[in-house]
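Chemist: missing the sequence, but the structure's below:
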């Protein structure tokens, strides 16, 4: 069980790095799209119709990729304030419960996001000319990643008796 935990952790560390990398690329692309939209509006007096829709779509990728990595690295929302004043055995229960709730939320987000994506498959986004499904893909992918990273945390609770150590030694994200 210990070797499974280490193997899963190593694989998901790579997945987390890729999610952060793609979120960073989406952030840079979003800044460029917004800058072009502002330039078009105020300098050329011709606002590109696709700029706002593209920026919102890129924002979804930024948020959900980084949020998923935040789940893996342990700085997602939780019961921190309440947990810190409780006795140690109750604190452990709250840690497991927090990771369980986040994992179930990620699974629901992926499931219902996929349902939405399938519902609008035949629709076309007017300003982008893309299938309507692309609006919901960040929700599906982000939900799947949140679920995977939540399951990793739950596996760590089962194997080691405690949550993963938290933020990895060489992380790209911090809450400071």
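Modeler: Thanks, I have the structure now. Keep in mind that what you see is a predicted model, and the values were worked out from it rather than measured. Residues are numbered from 1 along each chain as shown.

Chemist: Least confident secondary structure element in the chain?
Modeler: Within the chain, judged by mean pLDDT, DSSP states H and E, the helix or strand with the poorest mean is helix 80-84; its value is a mean of 73.

Chemist: Sort out which residues of it are buried, please.
Modeler: Along helix 80-84, these residues count as buried under the neighbour rule (16 or more other C-beta atoms under 10 Å): residue 83. For glycine as for every other residue, the C-beta is placed from the backbone atoms N, C-alpha and C.

Chemist: And stretch 45-54, by the same measure?
Modeler: Burial within stretch 45-54, assessed by neighbour count using 16+ other C-beta under 10 Å, is assigned to 48, 50-51, 53-54.

Chemist: Tell me which two of those residues sit farthest apart.
Modeler: 48 and 53 (10.0 Å; C-beta to C-beta).

Chemist: Reformat the buried residues of stretch 45-54 into CSV and put distance to residue 3 next to each item.
Modeler: Written out in CSV, the entries for the buried residues of stretch 45-54 read as follows (distance: C-beta to C-beta, whole Å):
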residue, distance to residue 3
48, 53
50, 49
51, 50
53, 47
54, 44
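
Chemist: Turn those into TSV, including secondary structure, pLDDT and distance to residue 66.
Modeler: Converted to TSV, those look like this (DSSP: H, G, I helix; E, B strand; the rest coil; pLDDT from 0 to 100; distance: C-beta to C-beta, whole Å):
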residue	secondary structure	pLDDT	distance to residue 66
48	coil	90	26
50	helix	93	24
51	helix	93	22
53	helix	93	21
54	helix	95	19
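
Chemist: ok, those vs residue 7, which is closest?
Modeler: Among these, residue 54 lies closest to residue 7 (C-beta to C-beta), at 38.4 Å.

Chemist: The closest residue to that closest one other than its chain neighbours: what's it in contact with?
Modeler: Sequence neighbours aside, residue 33 is the residue nearest to residue 54 in space, at 4.9 Å (criterion: C-beta to C-beta, 6 or more residues apart in numbering). Residues touching residue 33, when contacts are defined by C-beta atoms under 8 Å, 6 or more residues apart in numbering, comprise 51, 54-55, 58.

Chemist: Any chance of those in a markdown table with distance to residue 92 as columns?
Modeler: A markdown table is the format used below for those (distance: C-beta to C-beta, whole Å):
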| residue | distance to residue 92 |
| --- | --- |
| 51 | 49 |
| 54 | 45 |
| 55 | 43 |
| 58 | 39 |
